[in-house]
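>>> Below: sequence and its predicted model.
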Amino acid sequence: MGSIDQYIDLYLRHRAAFEQDAPEAMNSLRKHALEAIGHNALPEKGAEGYEKTSLEEMFAPDFGVNVNRVAMSADLAASFRCDVPNMSTLLGVCVNDTFYPTKGLQRLPEGVVFASMRTAAQKIPHIFDAYYGTLATLTRPEVALNTLLAQDGVVIYVPDGVTVEQPLQLVNIFSTPAPVLGVRRMLIVLGRGASAQLLVCDHTQPSAKECLSSQVIEIALGADARFEYYDIEESSESTSRVSSLFARQSKGSNLLVNGMTLTCGKTRNDYSIDIDGEGCDTTLAGMAIGTGTMHTDNSSVVRHLAPHCDSRQLFKYVLDDNATGAFEGSILVTPKAPFTEAYQSNKNVLASPTAKMHTRPQLEIYNDDVKCSHGATTGQLDKEALFYMRTRGIPEQEAKNMLMQAFMTDVIDTVRLESLRDRLKHLVEKRLAGAEAMCGECKATCHKVDEDGRD
């Protein structure tokens, strides 16, 4: 019996509760998801001995699922760890896997939706029904399981030609007295010429028990749309995450995805981006700081399906103690994508002799008129630079932290939102110094908010 079977059994025993009040578009996909799970077992490891995180192992514990949608409160201020000034954002909150808007979302531009899937299915059914589940492939069992169990989620919709000037922010919080599987789902649709920025932050309440986040994100960009997706994971060593992001770009669109793992237990992030229109620009970046026994796994597939498009991938890891990391990156250039420029880089620093990194970059090119390259390096800190800094009176650990922070600079520099870029520099500095910062100026101090946006 595989670890996923316990959740299939849970669904079959409580089918009515799972489907109650869920949008029809969600319920109609459950049958297909159940069939897909039966044909695709969870992989133990990657192909050819590539040591990816074992999904079978991650789903093995008997996590509870909030089938009856019991409301759970959360103290947002106690969850945040970033002792930096609060960013000015339009904020939504997800407690475990239930979305709550805040009063700030009343300031959204006309036509823009940032709401639960249940609400969005009523407000914009033509968008929700047309896009939900169209990008996330059910051949991956972790995605099929999410589709089977998801009862709600978050929708962000920006109509044609609308620019959301103020950044959007979604704060995911685990707050539970017992081990729980949070089934999180997000659908993001930008119309032709639309523009928005989104910051997603993952936190775990200090009192929360072991948690597993199963999340699927679908991003559909219309022609000439611009979208930035920033994902900061700063949870706890008792929190694991299995995240699958799917994106499709139309002609002339610009997409930036940046995933940053600062604190976690085990994390597996899979990125799948289809560049399906001429003249697109794509940036996929990520970084991980691993200490203790943390494990961070990033996998990416960027498919070039149209001509005259550019893509860049940059992932960096700093691993200390007994931390482990893995990266598997792929670029696919089809015969229909001449004049492609695609680059991929993975660079890693092992700050201790017991840290481990596994990397596997790949190119698959079926066109001659392209410029593509990839590369991966894994090593230790520059001993000469370290020696030079120590001769200038800088203590060894401080010198190491400075070198590691400098190593992460180009990943942080991909962030186009200046306030977030400054915040990240501070967070990385604190993280490398081994400090757990607590938010001193956070304005989000409500315990719970409801669907009407009331505190």
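Structure received. Numbering: from 1, shown residues only.
>>> Checking Ala178 next. Helix, strand or coil?
coil (DSSP: H, G, I helix; E, B strand; the rest coil).
>>> ok, it touching Gly64?
Yes. The pair Ala178 / Gly64 is scored as a contact, 5.7 Å apart, by C-beta atoms under 8 Å. In this view, the C-beta of every residue, glycine as well, is placed from N, C-alpha and C.
>>> Could you pull out the buried residues of stretch 307-315?
Pro307, Cys309, Asp310, Ser311, Arg312, Gln313, Leu314, Phe315 (16 or more other C-beta atoms under 10 Å).
>>> now, which of those residues lie within strands?
Using DSSP state E, the members of these that fall within strands are Asp310, Ser311, Arg312, Gln313, Leu314, Phe315.
>>> how about the first one, what does it touch?
Contact partners of Asp310, counting by C-beta atoms under 8 Å, 6 or more residues apart in numbering, are Cys280, Asp281, Thr282, Thr340, Glu341, Ala342.
>>> Mind listing what's buried along the helix or strand Gly375 falls within?
Gly375 belongs to strand 370-379 when assigned by DSSP states H and E. Across strand 370-379, burial judged by 16+ other C-beta under 10 Å covers Val370, Cys372, His374, Ala376, Thr378.
>>> got JSON lines for these, with pLDDT and distance to Ser272 too?
Below are those laid out as JSON lines (pLDDT from 0 to 100; distance: C-beta to C-beta, whole Å):
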{"residue": "Val370", "pLDDT": "94", "distance to Ser272": "20"}
{"residue": "Cys372", "pLDDT": "93", "distance to Ser272": "18"}
{"residue": "His374", "pLDDT": "89", "distance to Ser272": "17"}
{"residue": "Ala376", "pLDDT": "89", "distance to Ser272": "20"}
{"residue": "Thr378", "pLDDT": "89", "distance to Ser272": "25"}
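>>> Which of the residues you listed sits closest to His203?
His203 lies nearest to Thr378 out of the buried residues of strand 370-379, by C-beta to C-beta, at 30.0 Å.
>>> Tell me where the model's unsure across the stretch 51-200 of the chain.
51-52, 73-86 (pLDDT under 70).
>>> can we see that at 90?
Within the stretch 51-200 of the chain, the ranges that satisfy pLDDT under 90 run 51-57, 60-62, 64, 68-88, 102-104, 175-178.
>>> and Ala247, what is it in contact with?
Leu135, Glu218, Ile219, Ala220, Leu221, Leu255, Val257, Tyr271, Ser272, Ile273, Asp274.
>>> Filter these down to the ones in strands?
Glu218, Ile219, Ala220, Leu221, Leu255, Val257, Tyr271, Ser272, Ile273, Asp274.
>>> Name the member of these with the most neighbours.
Within the ones in strands among the contacts of Ala247, most neighbours by other C-beta atoms under 10 Å means Leu221, with 27 neighbours.
>>> my read: that one touches Phe246, true?
No. Using C-beta under 8 Å, Leu221 makes no contact with Phe246, being 11.9 Å away.
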